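Student: dropping the sequence and predicted coords here.
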Amino acid sequence: MNPEDKSEDELIAQAIEGGVNPIEVRGLRSCFGPKVIHENLDLTVKPGEVFGLVGGSGAGKSVLLRTLIGLKDPDGGEVRIFGQNLEKAGERKLEAIERRWGVLFQQGALFSNLTVKENVAAAMHEHADLSNHTVDELADLKIALAGLPAGAGALKPSELSGGMIKRAALARALALDPQLLFLDEPTAGLDPISAGAFDELILDLSKSLGLTVFMITHDLDSLYTICDRVGVIADKKVVAAAPVHELEKSDHPWIKEYFLGPRGRAAGRAAARAEGRG
């Protein structure tokens with residue numbers, strides 16, 4: 001890291017230490033040609049919280065995630081990560097921001113020709129000035145943090161189960177010790193037991209590492225058990241952002257159908273039993 005990179009990194013570190021919100025979106029407009037996906041969308045994610053995002057098919061959840069991580073430019077409005085406007089950030093500042101977030105994509109997006117350990121180590125080799133021995137040890141640590149057995153590091157993605165792929169992708173997302181973790185449908189395709197174990201892992205990591213987690217999910221159990229707040233995208237914007245028990249009282253038609261339908265009620269009862277409330 002050269003001195004200019006270090007100064008940008010220190011600037012962002014100071015903002016984080018000062019309690020800046022990891023994610024601030026104001027007046028976001030997102031379009032694909034004439035089709036408007038988001039219009040005047042506002043969103044705030046607070047430090048240290050696990051924030052879930054839900055919405056109907058085509059509501060723009062994935063488009064929002066891509067915008068937050070800089071893969072799509074806003075067509076209007078402003079996106080700030082750690083207080084920095086992504087559109088106005090120079091290359092060095094953007095690199096400093098990116099080093100402080102990790103992303104778990106829905107299908108894992110692991111490099112198929114690399115082992116799990118090589119996948120985890122790749123970001124360290126690219127962004128950190130560390131010896132090969134140190135990278136090797138840190139990769140083993142991240143693999144263990146993600147709940148994978150030690151032998152998993154030598155395996156290729158094709159040799160992994162669906163649950164192991166999720167954990168390997170999580171280990172890679174944790175490679176650079178991020179303060180902000182983006183998760184895209186992290187429990188999709190997992191059986192209920194594996195999904196529950198993954199939820200517990202995310203919650204434990206959030207608490208122990210002080211992570212802020214932004215999670216797109218349709219998993220009602222996840223929303224009830226690990227999310228501090230849940231944002232709902234409908235009508236091209238975030239129409240609500242609150243703890244689930246508050247969303248249950250909403251009059252918005254989609255929210256009522258989602259959280260008070262049969263599956264939503266079942267998840268709510270299960271969460272209440274787990275907390276000793278029912």
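Tutor: It's in.
Student: for the residue nearest the centre of the chain, which non-adjacent residue is closest in space?
Tutor: Nearest to the mean C-alpha position of the chain, counting by C-alpha atoms, centre = their mean, stands Phe182 at 1.7 Å. Distances taken as C-beta to C-beta, 6 or more residues apart in numbering place Val103 nearest to Phe182, at 4.5 Å, with adjacent residues excluded. Every C-beta, even on glycine, is put in place using the N, C-alpha and C of the backbone.
Student: which strand or helix spans that neighbour?
Tutor: When elements are defined using DSSP states H and E, Val103 is found to belong to strand 101-104.
Student: residues contacting the closest residue to Ala175 other than its chain neighbours?
Tutor: Among residues not flanking Ala175 along the chain, Ala123 sits closest, at 4.4 Å (C-beta to C-beta, 6+ apart). Counting by C-beta atoms under 8 Å, 6 or more residues apart in numbering, Ala123 touches 172, 175-176.
Student: go on, Val50?
Tutor: By C-beta under 8 Å, 6+ apart, the residues touching Val50 are 202-203, 206, 213, 215, 226-228.
Student: who touches the strand holding Val103?
Tutor: Under C-beta under 8 Å, 6+ apart, the answer for strand 101-104 is 69, 81, 166, 169-170, 172-176, 178-184, 186.
Student: starting at the chain centroid, how far to that strand?
Tutor: Here strand 101-104 is found 6 Å from its chain centre; the criterion is C-alpha atoms, centre = their mean, to the nearest Å.
Student: could you do stretch 215-230 as well?
Tutor: Distance, stretch centre to chain centre, for stretch 215-230: 12 Å (C-alpha atoms, centre = their mean).
Student: give me the contact list for that stretch.
Tutor: By C-beta under 8 Å, 6+ apart, the residues outside stretch 215-230 that reach it are 46, 49-54, 61-62, 65, 182-188, 192, 195-196, 199-200, 202-203, 206, 241-244, 247, 259, 263-264, 266-268, 270-271, 274.
Student: I'd like to know which of these are buried.
Tutor: Neighbour-count burial (16 or more other C-beta atoms under 10 Å) is assigned, among these, to 49-54, 61-62, 65, 182-187, 195-196, 199, 202-203, 206, 241-242, 244, 247, 259, 264, 267-268, 271.
Student: so which strand or helix has Val213?
Tutor: Assigned by DSSP H and E, Val213 falls within strand 212-216.
Student: residue contacts, the closest residue to Gly55 other than its chain neighbours?
Tutor: Of all residues not flanking Gly55 in the chain, Ile233 sits nearest, at 3.4 Å (C-beta to C-beta, 6+ apart). When contacts are counted by C-beta under 8 Å, 6+ apart, Ile233 is found next to 38, 41, 53-55, 59-61, 64, 239.
Student: likewise for Leu203?
Tutor: Applying C-beta under 8 Å, 6+ apart, one finds that Leu203 lies in contact with 50, 225-226.
Student: not counting its neighbours along the chain, what's nearest Leu155?
Tutor: Distances taken as C-beta to C-beta, 6+ apart put Val116 closest to Leu155, at 5.6 Å, once the chain neighbours are dropped.
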